[in-house]
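Visitor: My questions concern the predicted model and sequence given below.
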Amino acid sequence: MRALHSLLTQKGYVEPETIDRIIETYETEVGPHNGARVVARAWTDKTYRDWLLADATAAIADMGYSGRQGEHMVALFNDDMVHHMVVCTLCSCYPWPVLGLPPVWYKSAPYRSQVVMQPRSVLAQFGVTLPDSMQIRVWDSTAEVRYLVIPQRPAGTEGLDTESLAKLVTRDSMIGTGLALPAQSLGLSRRDT
Ligand code: FE
């Protein structure tokens, strides 16, 4: 990023302040907290869930998240039968408006090759073990399509509002290398037990 920054400004293509503003936007405003809000809404609002399934680009834009690398979004819903994982085997395509900039491992050659061949061993490296009965589907981002995994809603979260639910939705859970956090991670006192 630094080298590109120098090149663009030295050539006079872009004002340094413009680049700084773009980087700051992706570091502070755009990030996985955007995607987490989409997931939390999908967990609590059946109509929104259906919209996300039918036209993820429009449903996500309704939350205010659109733009570069988010023009053609597809939402992948995890359930008891299927777990979805996302990769870009060619490079590092990633849904910026909902997840921000990709983590280093997402762009690494080992992840890009292994997740296709051995998704379960990749999941194990992330500390995730799924039942053998669960099918794992790996989705390869293309030049246009970007995927957002909608993880399963954790048990025991029935009474939570969307703001609390969003805190359970990690970046990795929206790539498929992780699961949503358990309700206990919010430090809830379980009144029903
Ligand atoms: Fe790519």
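Guide: Nice, I can see it. Residues are numbered from 1 along each chain as shown.
Visitor: any low-confidence regions in the chain?
Guide: 1-5, 7-9, 11, 13, 19, 21, 23-24, 26-27, 188-193 (pLDDT under 70).
Visitor: So which residues on it come close to the ion?
Guide: Contacts of the chain with the ion, taken as CB under 5 Å from the ion, map to 88, 90-91, 93. Just so you know, the C-beta spots here come from the backbone N, C-alpha and C atoms, and that holds for glycine as well.
Visitor: Save those as a markdown table, and put in neighbour count and secondary structure too.
Guide: Formatted as a markdown table, these follow (neighbours: other CB atoms under 10 Å; DSSP: H, G, I helix; E, B strand; the rest coil):
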| residue | neighbour count | secondary structure |
| --- | --- | --- |
| 88 | 20 | coil |
| 90 | 11 | coil |
| 91 | 10 | coil |
| 93 | 22 | coil |
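Visitor: Find the pair from the residues you listed with maximum spatial separation.
Guide: Pairwise distances across the residues of the chain next to the ion (CB to CB) peak at 7.5 Å, for the pair 90 and 93.
Visitor: Please report the distance of residue 118 from the ion.
Guide: Distance of residue 118 to the ion, computed by CB to the ion, to the nearest Å: 20 Å.
Visitor: so what's the residue nearest in space to the middle of the chain up against?
Guide: A centroid search over the chain (CA atoms, centre = their mean) returns residue 174, at 3.3 Å, as the residue closest to the centre. Contacts for residue 174 (CB atoms under 8 Å, 6 or more residues apart in numbering) come out as 32, 35-36, 39, 98-99, 148-151.
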